[in-house]
Structure formats: structure tokens, C-alpha cells
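Chemist: Give me the fold of what follows.
(chains A and B)
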Amino acid sequence: MSDLMIEISNLSKRFGEHVVLKDISLKVERGSVVAMIGPSGSGKSTLLRCINLLTMPDGGSICVGSRAMQFKNGYASKMHEKDLASYRATTGMVFQHFNLFPHMTVVQNVMEGQVTVKRVPKAEARAYAMELLTRVGLANKADTYPDMLSGGQKQRVAIARALALRPEVMLFDEATSALDPELVGEVLSVMKSLAEEGMTMILVTHEIAFAREVADQVIFMRDGVVVEAGPAAQVIDNPTQAATRSFLSRFNGPQIVR
Amino acid sequence: MYHWDFGAVWVYRNLLLSGLAYTLVYTLIVVVAGLLLGMVVGIGRVRAPMIIAVLLRGYVEVFRCTPVLVQLIWFYYALPILTGIEMAPSTAAALSLTLYGAAFYSEIVRAGILAVDWGQTEAGMAMGMRRKQIMRRIILPQAFRRMLPPLMSQSIMQLKNTSLLSVIAVPDLLYQAQSAAHDSYRPLELYTIAAVCYFAVLFPATVWSKRLESRLGKQDRS
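Modeler: Predicted coordinates:
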């Protein structure tokens, strides 16, 4: 029995004259990991941002869990700000530039969504925040401010902050692209352990070796269309499309998953 | 060479003190009311629907681009004729200085909000926070640090602007100094005293504001 977590049908998006996404369809099973790869400007980040509606699609539909949404002309039908917010709380998002709240301590960052969105009592929110920080290895940094952390530590806090809302899906938008090379590993290993625990994850990434190892499905995008999709090993090791081959050839040589 | 005689104006000390009290109370009123209104207008210009934002911009530009003295006189003389509502000098004074100050405060608030990285708003949205929650919990606390120094200097301007109230016979420090000058034929002494009083209030305020600014700068974590 296939257990679909996300189903995207005929999704389209344009910014002015520029068509960013053309008729995208995608299915993601519960507990699976999907990696989206492709050159910059291919639309993969836009597609990811469409899933939690930070970017509003122009047409098509998205179904996440039991919630189905139709889009027309950049609006979701029958969705008001309140519905939009409560929907977004079911997906966790991790940004390339972390976007931690600089005026809050690490633990307050992780508590914020629980307290303001889910109305969890503070003591309970703090306890769960500490549990998550322990999980990402940063319990000892709970009371420091984000600017005292390295990039890798910031991103791990950002992951804990997203997890705090107990999302059904985690979205990673180039989570390691802004990191110094020696800090990439600590973030990838947190992401990998999440995947192993059965979290449904969609990642936009340039870490091809990581995608190969962790993702169930890899999607190669270019110019707003899905050029090739399939099991990770197949798309990365034996791409059928010339465009995929030429893109992947830039990542050749031994890559070490840390 | 002018012969200074401060002893001759000592009898006016209580008059001048009452004037100073008026000046300080008016400053408090127009700063507090102006800040509240400026906050609402500043946020409104960033977040309100287009039509409201345009109206707010119109208000800000009108009050920024006309002299406060003209506004003061207009509220006192012209508005009652146009609307039939008689206004006491004290009301006209408080109203025009509040509206004038709020126009400037709102620009400071608006710039402060816009200076916060858009990624902060997106992070709040991605967590399912409502727009108001994002503004209150995420944006304003960060914007406030940057806004504080210019808000302070605008408030200092507000105190100086209260000296214009004397024009419509509100008995502030300058008005009382003037009437004492007419009475005693000692304008040099009285205007000097008035200037010293303004300086004595404002200089500590600017020093304090400078200190606050450097302290905030030191602990700025963004």
C-alpha cells in the first residue's frame, strides 16, 4: 500500500514574464527522502518554497497529508491568513541563511513557535526545546545568542527550531550551501539521522554524494521542468538524460560523505 | 559695554519656573502621544492595505513639508473657522505638535522595520506565525534597537519645538521669559536665562542618549 504524504499536480509559477515552474507533478511517500538537484535558476528552490506556500503557486494543486489546496492566479482558494499560517506550521523549513532570531537565545528560538503558534506552556516548550537541542548536540549552547555560534551550529539550531512544531514534513533549502566546508558534515549528519527516524524530507541540495546516500528519490530539474526523476542510485549513477549527465559531470571525483 | 544685572530679574523666578514646568509637561505629552501615533502610522505604512498606506503617506508628507509654526497657527486660527470647533490654545498646541512629531517618528519606525532582514519574516511565516505575531515578536524587538537613537534625537527636537507655543500664548518657558522681559526691560538677561534653562535640560538628555546608543551598539547581536 502506498502511503502518500505529498502529491503535487501540474504546479506552475511565473515571476512576471519569467516562467519558473512548468507543470510540475511529484509524489512523495510518507517517511521518504526526496532530493532535488539541478543548476541554479532551475526552479528547485521555488518548488520547495511552493510546498509551504512561502511562494504562492499560480496554478495546479498541492496535497499534503489530508489537506488539499488548489491554486489559481497566485491564490489558494478558500485560504485565509489563519489557514495559511496553520498549514505552514505542519511543514518545517530550514533556510540556507539560517534566519535564526538574533534577539533570542538559542533555547528561546526553539521555544518561539511552540509558544506563539501552538500555545504550549513555557515550561513544557522549554523541556521539549532542550530535548531537541540535545538531539542536535547543542544543549550546552541553550542560553547563548545565535551570533556566538558557528554556521554549522546555527543550522543545527534552525533544524531544532523547525522540529519543535512536530512537522509532518521537513523542507531543507540548500541547508549546507552557506557553510564553510568543514562545517557541512555536522549538519548533514543531523539530517541523516532525521531521515533514518522516518521523517518525510524534501531537500534542495548541491551535496550530490549525500543525496545519493540518503535520498530515496532524486529529482533533476532544469529550466522549471523535471528532467529526470527516479531512485537516487539510478539518477545519479546512470542518468538517462544528457542534461543530467552534463550537470553531474561537474561533481565527479570521489566525494566523501561525512 | 552692556551692564548685566541678573539681580534685577530674580523676582521673576517663580514665573520662569512655571514656564519651565509648562515646557516639560508639553514635551511629555507631545512625545508620548507622538510616539504612539508615529508607531501606528509607521507600521501602517509598511503593512496596511495599499489605499491606507497611501493616505498615511499623504499625512506624513504634509506634516513633514510644512513648518511646524505654520501648522500651529493654522490649527489655532484656521481650523476653528473651517470647522466651527473652537480650540483652546493648549489643545491646538498639543494637537499640532503631536501630529508634527508623529510624522517624523513614523518615518523612523518605518525605516527601522524595513531594515530588518526579510529572512526573519520568512522564518516566522514558515513556523506558522501570524503577521501580527511576526511583527510583535520578531520584527519590532530587532527594529527597536536601531530606532532608539533617532527617536531620542527627534524627542529632543520636540522639546525645542515647544518654544513655538509662546506664539499662540501658551505660557511656556519662552512665553514667560518674554513677558518678564517686557515687564522689566531686561530682555538680555531673561532670554539668556531661557537659553540656559533649555540647555540645562537638553544637554544631559543628549549625553544620556549618546551613552544609550553606544551601549546598544556594543551589544548589537544581529
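
Chemist: Which residues are in contact with residue B:170?
Modeler: B:22, B:26, B:89-90, B:93 (C-beta atoms under 8 Å, 6 or more residues apart in numbering or on different chains). Just so you know, the C-beta spots here come from the backbone N, C-alpha and C atoms, and that holds for glycine as well.

Chemist: Neighbour-wise, which one of the residues you listed leads?
Modeler: residue B:93 (27 neighbours; other C-beta atoms under 10 Å in any protein chain shown).

Chemist: Verify the stated contact: residue A:89 with residue B:128.
Modeler: Yes. In terms of C-beta atoms under 8 Å, residue A:89 counts as a neighbour of residue B:128; the distance is 2.7 Å.

Chemist: Provide a list of residues in contact with the closest residue to residue A:7 other than its chain neighbours.
Modeler: In this structure, residue A:7 finds its nearest non-sequential neighbour in residue A:63, 4.4 Å apart by C-beta to C-beta, 6 or more residues apart in numbering or on different chains. Applying C-beta under 8 Å, 6+ apart to residue A:63 gives the contacts A:4, A:6-9, A:69.

Chemist: would you turn those residues into TSV with neighbour count and pLDDT?
Modeler: Output for those, formatted as TSV (neighbours: other C-beta atoms under 10 Å in any protein chain shown; pLDDT from 0 to 100):
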residue	neighbour count	pLDDT
A:4	13	89
A:6	21	93
A:7	14	93
A:8	20	94
A:9	15	92
A:69	18	89
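
Chemist: Which residue, neighbours along the chain excluded, lies closest to residue B:169?
Modeler: residue B:89 (5.4 Å).

Chemist: Would you check how far apart the one you found and residue A:48 are?
Modeler: Counting by C-beta to C-beta, to the nearest Å, the gap between residue B:89 and residue A:48 amounts to 62 Å.

Chemist: looking at this, residue A:9 is in a strand?
Modeler: Yes. Assessed by DSSP: H, G, I helix; E, B strand; the rest coil, residue A:9 belongs to a strand.

Chemist: From what I see, it and residue A:61 are in contact.
Modeler: Yes. The pair residue A:9 / residue A:61 is scored as a contact, 5.0 Å apart, by C-beta under 8 Å.

Chemist: you'd agree the residue nearest to residue B:169 is up against residue B:75?
Modeler: No. If you go by C-beta under 8 Å, residue B:89 and residue B:75 don't touch, sitting 9.8 Å apart.

Chemist: For chain B, give me the ranges with low pLDDT.
Modeler: B:217-222 (pLDDT under 70).

Chemist: contacting residues around the closest residue to chain A within chain B?
Modeler: The nearest approach of chain B to chain A comes at residue B:128, 2.7 Å away (C-beta to the nearest C-beta). By C-beta under 8 Å, 6+ apart, the residues touching residue B:128 are A:85-90, A:113, A:117, A:165.

Chemist: how far away is it from residue A:249?
Modeler: Counting by C-beta to C-beta - residue B:128 and residue A:249 are separated by 41 Å.

Chemist: circling back to that earlier point, got any residues that touch both of residue A:89 and residue B:128?
Modeler: With C-beta under 8 Å, 6+ apart, residue A:89 and residue B:128 have common neighbours A:113, A:117, A:165.

Chemist: Looks like the last one contacts residue A:92 (just checking).
Modeler: Yes. Contact between residue A:165 and residue A:92 holds when scored by C-beta under 8 Å: they sit 6.3 Å apart.

Chemist: Which residue of the two possesses the greater neighbour count?
Modeler: With neighbours defined as other C-beta under 10 Å, residue A:165 and residue A:92 compare such that residue A:92 has more, 29 against 21.

Chemist: From the structure, what's the count of residues near residue A:79?
Modeler: 16.

Chemist: If anything else comes up later, I'll come back, but that's it for now.
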